[in-house]
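[1] I'd like to go over a predicted model; first the sequence, then the structure.
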Amino acid sequence: MAARTDPFQSPDYYQLDELLTEEHWLIRESVRQYVKKEISPIIEDYAQRAEFPVQIVKQLGDLGCFGPTIPEQYGGGGLDYISYGLMMQELERGDSGVRSTASVQGSLVMFPIYQYGNEEQRKKYLPRLASGEWLGCFGLTEPNHGSDPSSMLTHIKDAGDHVILNGAKMWISNAPFAQVAVVWAKDEEGIVRGLILERGMEGFSTPTTHGKWSLRASATGELVFDNVKVPKANILPNVQGLKGPLGCLTKARFGIAWGTIGAAMDCYDTALRYAKERVQFDKPIGAFQLQQKKLAEMITEITKAQLLNWRLGVLMSEGRATPQQVSMAKRNSCEVAQQICRDARQILGGMGITGEYSVMRHMMNIESVITYEGTHDIHLLITGMDITGFNAFK
Ligand code: TGC
Ligand code: FAD
């Protein structure tokens, strides 16, 4: 397939750009141009081949997309959450897998090392992760424990100056290429602890997961621990319990709320252009009411989600956002994106199922994004519990 150009024009129906600062525009523009130049021309081919474009790791590091909210002294960007959201929006406009690479690295690997780690751990890992010299992954989900990580079986046993780790994690983004893994395991008292593993530790392997129809340009794998000796110096000292991993998920879910609207914006823009150009029955199909209904609903939902995300970004930057507010935004954006991708695919008719356009790839990607970082149902139950006070999980 020949390299392609990217005609994307960003929708901004309510002049929401006026809510952004000049620094926000510059950050968004630099990531947008990166996606146009380095991602859009190649990503479809990588997705068709189910191959991870490993060169993006260094590129994303150079661009500042890894850990943008981490302080600069550790290699992060020291930026606010709107900046982070805009980066994730632009990356996922290119492909959800590219955004996944960045959100795992920043929110699920750098954030716990920064927030729960000691100074030695911060200095050793954060600058290398920020620059893209090292790639990281996050192991919470297990073969039999997905939505309910509190029942995890992976565990550690005290052995003097180290612990012995046994168990397995499944569905782990970045795993096959990662040098570092933040892994969650129970200690002998059943308390969840965070550990930093490095590739090469004896008994630690990362088999690749094959056969995905979704997120094909993202590398997914397992983490297998067979009597791995982990030095106690690699345990994250400043957190215990499930709030450790769940606290990381709050940051990553925020990025997904912005990211999936990026994918939706790409599908809308593609469908709008196609509807104006494609002629049937002597008229552009965009002149028919049925297609206008789809397009009008798309821009309405995108605009509502942009506003929700912006407000959430302000609350996050002020340290006032609740995890439940983040759940609402993640759930809303995934649903909006899923519907928009499907409608855009229909507007493109037969062309919608080809790799000539990005919509089918986005549509398939969203099927993962609506499931990972807490399924659609789990986020609904989080909202339900928040407003009623009743726990409907158990
Ligand atoms: P629960 O008793 O509710 O909570 C345990 C402790 O954690 C605290 N907490 C949170 N803290 C920060 N952020 C959040 N979002 C939090 N949610 C809960 C809570 O206050 C409590 O603290 P404490 O001090 O009292 O101990 O826990 P539960 O076992 O009842 O579970 C609740 C539930 C179901 C909502 C939770 O387990 C959940 O969110 N499940 C979904 C699992 C999930 O999201 N897995 C994601 C795996 S990682 C991934 O998918 C990465 S994909 C990345 C990519 O490629 O982009
Ligand atoms: P299950 O928990 O088995 O859920 C199955 C169904 O049951 C869902 O519809 C769910 O909503 C429903 N359900 C579950 N509990 C309830 C309930 N109480 N009430 C009502 N309905 C319920 N995990 C990581 O740790 N790190 C990663 O990097 C990572 N990357 C991923 C990448 C991809 C491509 C995918 C697909 C997943 C990834 N995951 C990762 C795992 C992901 O977080 C889990 O798939 C997700 O949390 C759901 O777990 P599960 O697949 O075991 O589904």
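    Ah, there it is. Residues are numbered from 1 along each chain as shown. Ligands and ions are numbered 1, 2, ... in the order given.
[2] Please report the distance of the nearest residue to Glu90 once chain neighbours are set aside from ligand 2.
    The shortest distance from Glu90 to any residue other than its chain neighbours is 3.9 Å, reached at Val31 (Cβ to Cβ, 6 or more residues apart in numbering). Using the backbone N, CA and C atoms, a C-beta is placed for each residue, glycine as well. In this view, Val31 and ligand 2 are 22 Å apart by Cβ to the nearest ligand atom, to the nearest Å.
[3] So Val31: helix, strand or coil?
    The three-state label given to Val31 by DSSP: H, G, I helix; E, B strand; the rest coil is helix.
[4] and it, what does it touch?
    63, 65, 86-87, 90-91 (Cβ atoms under 8 Å, 6 or more residues apart in numbering).
[5] hmm, 7 Å instead?
    Taking Cβ atoms under 7 Å, 6 or more residues apart in numbering, we find Val31 in contact with 63, 65, 87, 90-91.
[6] Can you add neighbour count and give these back as a markdown table?
    Shown next, in a markdown table, are these (neighbours: other Cβ atoms under 10 Å):
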| residue | neighbour count |
| --- | --- |
| Leu63 | 22 |
| Cys65 | 29 |
| Met87 | 32 |
| Glu90 | 29 |
| Leu91 | 31 |
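[7] and these, which of them are in strands?
    Among the contacts of Val31, no member is found in strands (DSSP state E).
[8] Which members of those residues additionally contact ligand 1?
    Restricting the contacts of Val31 to those touching ligand 1 (Cβ under 6 Å from any ligand atom) yields no residues.
[9] Tell me the one of those residues nearest Val314?
    Met87 (16.4 Å; Cβ to Cβ).
[10] Let me see the contact set for that closest one.
    27, 31, 65, 68.
[11] Please work out how many residues are found near the last one.
    This points to Pro68. 25 (other Cβ atoms under 10 Å).
[12] Does it belong to a helix, a strand or coil?
    Applying three-state DSSP: Pro68 is coil.
[13] circling back: ok, so of the contacts of Met87, who is nearest ligand 2?
    Taking Cβ to the nearest ligand atom as the measure, ligand 2 sits nearest to Cys65 out of these, at 17.0 Å.
[14] from what I can see that closest one touches Thr101, true?
    No - contact between Cys65 and Thr101 fails when scored by Cβ atoms under 7 Å: they sit 8.8 Å apart.
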